[in-house]
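Chemist: Okay, sequence plus prediction incoming.
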Amino acid sequence: MFGVVSLSFYQINNNLKKQQRLTDVKNEFIRNITHELKTPIATVGVAIEALQHFGVANNPERTREYLDISQTELSRLSLLVDRVLKMSLFEEKEHLLQKEPVDLKLLVEEVTRTMRLQFEKCHAQVHLHLTEGTYVLQGDRMHLTNVLYNLLDNALKYSPNNPQIDVFLEKSPDSYTLRIRDNGIGIPALYQQKVFEKFFRVPTGDVHNVKGHGLGLSYVAGVITQHHGKVKINSAVGNGTEVVVGFAR
């Protein structure tokens with residue numbers, strides 16, 4: 001009898017642990033996808049605000065440009081929602097990737113063009129330094145787009161005064177390297193690896209004035225790892241941050 005009771009408790013405990021793991025996976029997915037859904041919504045909101053309050057509606061060319069940006073972001077939002085509906089299965093907490101040929105250079109140009117309204121609102125100067133040629137890799141376009149949005153959005157948020165953002169894209173015979181550099185507040189050396197951990201935020205008053213849940217860079221690192229790439233940070237307090245992403249060709 002004692003053995004039967006012990007075995008029953010053991011089985012119940014295992015079932016509870018399994019259920020908890022499944023709940024953790026579900027909650028992580030909800031947090032990550034919610035974080036990504038906010039970006040296109042914010043972009044469309046800025047475009048509408050410009051049309052309503054800054055006289056853009058009287059300029060047909062700018063109006064058409066802002067409407068094109070809104071359409072692009074709404075299309076991306078639709079893709080995200082569609083992915084939510086399809087991502088019901090997870091394996092070891094990894095996203096299900098839908099890989100296709102993606103040109104990183106074209107993707108960088110598209111994302112920076114779409115984020116133009118955010119840059120203008122923050123009076124940011126963004127400079128692209130893209131080596132000639134194509135940068136095609138097998139990747140999930142939606143997730144790689146989200147990676148770029150996250151990195152550029154961080155560069156913008158953590159550069160509070162006259163943001164200067166430089167985007168470099170270079171290639172070698174065996175790799176592609178993306179570098180995004182800002183002139184922001186920087187990250188202490190002690191925390192430069194921890195920023196890729198879930199929910200971690202650098203414990204300073206300046207950083208916590210920026211809204212967030214410490215999920216963006218964790219998501220970035222996860223997506224890059226699933227693309228067999230690597231990411232690292234070079235930074236110093238008061239001297240900005242450079243995020244370096246490497247992909248094998």
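Modeler: That came in fine, so what should we check first?
Chemist: What ranges does this protein have for its helices?
Modeler: Remark: helices assigned in the chain by DSSP state H are 2-53, 60-86, 104-114, 116-121, 141-157, 205-208, 216-226.
Chemist: Flag whichever of the ones you listed has the least confidence on average.
Modeler: Across the helices of the chain, helix 205-208 has the smallest mean pLDDT, namely a mean of 45.
Chemist: Including mean neighbour count and distance to Phe168, could the helices of the chain go into CSV?
Modeler: All C-beta atoms are positioned from the backbone trio N, CA, C, and that covers glycine. Compiled in CSV, the helices of the chain are given as follows (neighbours: other Cβ atoms under 10 Å; distance: least, Cβ to Cβ, whole Å):
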stretch, mean neighbour count, distance to Phe168
helix 2-53, 13, 22
helix 60-86, 14, 24
helix 104-114, 18, 10
helix 116-121, 16, 17
helix 141-157, 22, 12
helix 205-208, 12, 25
helix 216-226, 20, 16
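Chemist: closest to Lys232 out of these?
Modeler: Distance to Lys232, taken as Cβ to Cβ, is lowest for helix 216-226 among the helices of the chain, at 9.9 Å.
Chemist: Show me what the closest one is packed up against.
Modeler: helix 2-53, helix 141-157, strand 230-235 (3 or more Cβ pairs under 8 Å, 6 or more residues apart in numbering; DSSP states H and E).
Chemist: mean confidence score for the last one?
Modeler: Mean pLDDT, strand 230-235: 94.
Chemist: Next up, the contacts around the spatially most central residue of the chain.
Modeler: Nearest to the mean C-alpha position of the chain, counting by Cα atoms, centre = their mean, stands Asn150 at 2.9 Å. Residues in contact with Asn150 (Cβ atoms under 8 Å, 6 or more residues apart in numbering) are 216-217, 219-220.
Chemist: cutoff 6 Å now
Modeler: Contacts for Asn150 were tallied using Cβ atoms under 6 Å, 6 or more residues apart in numbering; they are 216, 220.
Chemist: Same question for the one 10 residues further on.
Modeler: If you count contacts by Cβ under 6 Å, 6+ apart, Pro160 has none.
Chemist: No more questions from me, cheers.
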